[in-house]
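A.B. asks: Sharing a model that was predicted from the sequence below.
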Amino acid sequence: MSVRLERAGAAAVITVDRPDRRNALDPESLRALATQAKALKREADVRGVVLTGGAEGGGFLSGGDLQALAGVKTARGAREMARAAHAAVDALRALGVPLVAAVGGDAYGGGCELAAACDYRVVDEGARFTWVQARFAVTTGWGGAANLLALVPRGTATRWLLTARPVSCDEARDAGFVDEVAARGEAVSRAVDFVEAVAKQPKVAVRRMLVLLRESSALSPAMARRLELDHFGRSWATARDHHDAVRSLPHARAVGHAVVARRASTRTSARVVPRGPRRRRDASSLDARVDDRVVRSVRRR
């Protein structure tokens with residue numbers, strides 16, 4: 001298969017492996033990405049998705065397959081092709097877990113756009129990013145311009161998009177586009193390590209935090225504040241994980257033991273009615289559509 005899915009601990013690693021096309025994405029590959037994302041909905045233990053490219057194809061993605069897309073001649077056809085890429089990214093982000101780009105080699109065009117759509121980018125030392133769209137007389141089409149502007153200063157985005165020159169991993173890191181530089185060949189393993197660190201946190205908290213990180217940049221400061229307050233209130237009041245975490249703190253345990261001892265010393269003999277085990281609501285089972293409704297309600301205010 002041109003797109004394969006493997007598990008590595010808490011991470012799901014999706015690899016686009018088309019060595020003869022430098023891991024370029026054709027319509028079939030884009031549909032396969034969306035299909036793999038939908039399959040992951042059934043795996044509740046997945047805490048992050050790592051997107052990468054096969055080593056023989058260059059280590060990451062080179063955007064759209066121009067050979068396969070040569071027959072697209074109309075504006076409508078171009079938009080439909082772009083929508084397929086958006087659908088693949090949306091399906092991955094809808095999982096409510098971090099989407100991590102493991103860039104093991106040079107990224108071109110749409111490959112840069114997919115990296116920009118991820119929540120975190122780990123890059124092999126020596127890898128480069130080349131936003132080649134202007135060279136081919138087109139604009140970004142997979143969300144690249146908006147996502148890039150959310151990550152780097154406007155002047156930096158302007159230079160990268162308008163000159164189409166290669167950007168080194170060091171320059172990209174200094175600009176804020178690259179989050180972590182790994183030794184050659186280590187991008188995927190470092191990305192998996194990042195997912196394992198995330199997996200130590202409560203799942204519902206990670207989901208809600210991702211909503212804030214992804215949506216706030218597109219909102220006004222006032223709307224972003226409302227969104228944050230809504231999620232903060234909900235997570236404080238409804239997430240059992242929060243109260244369990246507070247009780248686990250050393251000083252909280254000490255206070256709790258003191259209260260128990262004080263109650264025991266003043267307790268009179270009374271008939272105790274045993275209770276059955278308290279049913280705990282699994283906060284991690286909250287549907288992502290709840291977060292979507294919250295975002296939409298904030299935008300309407």
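C.D. replies: Yes, it's here.
A.B. asks: So for the helix or strand containing residue 157, what gets flagged as buried?
C.D. replies: Using DSSP states H and E, residue 157 sits within helix 154-163. Across helix 154-163, burial judged by 16 or more other Cβ atoms under 10 Å covers 156, 157, 159, 160, 161. C-beta: built from backbone N, CA, C; applies to glycine.
A.B. asks: Now flag whichever of these is closest to residue 225.
C.D. replies: residue 157 (25.7 Å; Cβ to Cβ).
A.B. asks: quick one: the closest one from residue 178, how far?
C.D. replies: 14 Å (Cβ to Cβ, to the nearest Å).
A.B. asks: any idea which element residue 152 lies in?
C.D. replies: Applying DSSP H and E, one finds residue 152 in no helix or strand.
A.B. asks: which residues in the protein form strands?
C.D. replies: Secondary structure of the chain (DSSP state E): strands located at 3-8, 11-16, 48-53, 99-103, 107-108, 120-124, 128-130, 167-168, 180-182.
A.B. asks: count of residues packed around residue 201?
C.D. replies: By the criterion of other Cβ atoms under 10 Å, residue 201 has 13 neighbours.
A.B. asks: so what's it up against?
C.D. replies: For residue 201, the contact set (Cβ atoms under 8 Å, 6 or more residues apart in numbering) is empty.
A.B. asks: Isn't residue 32 up against residue 3?
C.D. replies: Yes. Between residue 32 and residue 3 there is a contact at 3.9 Å, judged by Cβ atoms under 8 Å.
A.B. asks: how many neighbours does the spatially closest residue to residue 150 that is not a sequence neighbour have?
C.D. replies: Nearest residue to residue 150, sequence neighbours excluded (Cβ to Cβ, 6 or more residues apart in numbering): residue 217, at 4.4 Å. Residue crowding around residue 217 was assessed by other Cβ under 10 Å; the count is 13.
A.B. asks: circling back: and residue 38, which of the strands of the chain is closest to it?
C.D. replies: Short answer: strand 3-8, nearest of those by Cβ to Cβ, at 11.2 Å.
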